[in-house]
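Visitor: prediction below, plus the sequence it came from.
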Amino acid sequence: MKENFNLKKAFLDIRNDFTKGHILKALWKYFLIILGSIVLAAGDEFFLIPYNIVSGGVAGIGVVLNMSLGWDANVVITVFQWALFALGFVLLGARFTLKTLLSSAVYTGFLFIFSQVRNNTTFFNIENLFPNEPLATFLVCGIAGGAMVGIGCGCTFIGGGSTGGTDVFSLSLTKYFYISASVTSFAIDAIIILLNTAFVPNIAPVIIGSISAYACATLIGKLYISNDSYVAIIISSKWQEISDAINTSLERGTTLAECEGGYTGETRTMVLSVFSRREYDDIQKIVFREDPKAFVTILQGSEVNGEGFRKIPYRINREIRYENRFIHKKK
């Protein structure tokens, strides 16, 4: 627990961002965090909060308490955001909370700014588009709000920051109880969405909230995770010809590994190759031209880094440099 309160390391991490040669990257990173936090606040304030759409997170808690107790949603969100910020400092450490400080400040500040904008203009009144179709209004707001929240979170994550909020709970459970963060995050959002059932007349708002949460998760995945790469696992007696063709025609590398069939007991050479989406059909043509009876399994890669693909993410590279510098100092 003592390590959590090591502010020296936390501030050293930030200072290293602004060393010579890294200033522009640092400014771009913090720009993304600020931009993402503003877009996140816009999605909540213009689309989700005014129409009482609960899609999880602290905004969902704010909406639920507004409907149940009449509390101002923005005030509830601000209180929870900063309370969880403090909890994150205790449970997750100073380095985590300093990364969320900028995002939390910008997000809560712009919630109130956008609230004033919404109250003084009719531009964002979606119900005017569907005056006789309230369900259509809720559906549009749920999808638009979820998409904007996803874009905002994705930009913040790319910048190396965190939006904090209920992520503190999921990351704490991961840290101390070794439970998958994706599982805990989903469970927390699901609980918040299900709480909404006590204050709505039918199931429609819950379904729309779930659609909004799905839109958010999809956009985060598209922005933050490079998922347009695939892995081909090829079993064929003509493995050498297939490997050579992939190397020369697609200019993609291959990995060869000896494997044994569980049923036949025969030893074969497996060809493994990583390729992009635009090469999806090309690699299958190469394989089946050489061997129409080849066994091919294609898996989607969530992220591929290295030569010919995406460079090592800056946030990962920065963490490695910091850890190496710290290890050398200890020695």
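Guide: Now that the structure is in, tell me what you want to look at.
Visitor: buried stuff in the helix or strand residue 270 falls within?
Guide: Assigned by DSSP states H and E, residue 270 belongs to strand 267-276. Along strand 267-276, the positions that meet the burial threshold by neighbour count (16 or more other C-beta atoms under 10 Å) are 268-271, 273-276. Using the backbone N, CA and C atoms, a C-beta is placed for each residue, glycine as well.
Visitor: what's the very next helix or strand once past that strand packed up against?
Guide: On the C-terminal side of strand 267-276, the nearest following helix or strand under DSSP H and E is helix 280-290. Here helix 280-290 touches strand 229-235, helix 239-245, strand 267-276, strand 295-301, going by 3 or more C-beta pairs under 8 Å, 6 or more residues apart in numbering; DSSP states H and E.
Visitor: relative to residue 81, which of the ones you listed is closest?
Guide: Closest to residue 81 of the helices and strands packed on helix 280-290, according to C-beta to C-beta: strand 295-301, at 34.4 Å.
Visitor: okay, now the sheet partners of the closest one, with direction.
Guide: strand 229-235 (antiparallel) (DSSP bridges).
Visitor: what residues of the strand it pairs with count as buried?
Guide: Residues of strand 229-235 classed as buried: 229-230, 232-235 (neighbour count, 16+ other C-beta under 10 Å).
Visitor: what's next to that strand, contact-wise?
Guide: 242, 259, 268, 270-277, 280, 283, 287, 294-301, 303-304, 309 (C-beta atoms under 8 Å, 6 or more residues apart in numbering).
Visitor: turn the buried residues of strand 267-276 into TSV, including distance to residue 212.
Guide: Formatted as TSV, the buried residues of strand 267-276 follow (distance: C-beta to C-beta, whole Å):
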residue	distance to residue 212
268	48
269	48
270	43
271	43
273	38
274	34
275	34
276	31
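Visitor: can you name the next helix or strand after the helix or strand containing residue 81?
Guide: Secondary-structure assignment from DSSP H and E places residue 81 in helix 73-92. Of the helices and strands lying after helix 73-92 in sequence (DSSP H and E), the nearest is helix 94-119.
Visitor: mind listing what's buried in the helix or strand following that following helix?
Guide: Note on helix 94-119: by DSSP H and E, the next helix or strand toward the C-terminus is helix 134-158. Buried positions in helix 134-158, judged by neighbour count with 16+ other C-beta under 10 Å: 137-158.
Visitor: packing partners for helix 134-158?
Guide: In this structure, helix 134-158 packs against helix 23-43, helix 204-224, with contacts taken as 3+ C-beta pairs under 8 Å, 6+ apart.
Visitor: avg pLDDT for it?
Guide: For helix 134-158, the mean pLDDT works out to 88.
Visitor: how about stretch 293-308?
Guide: Predicted confidence along stretch 293-308 averages 76 (mean pLDDT).
Visitor: just stretch 46-59 next, same as before
Guide: The model assigns stretch 46-59 a mean pLDDT of 90.
Visitor: ok, stretch 242-252 next?
Guide: Averaging pLDDT residue by residue across stretch 242-252 gives 89.
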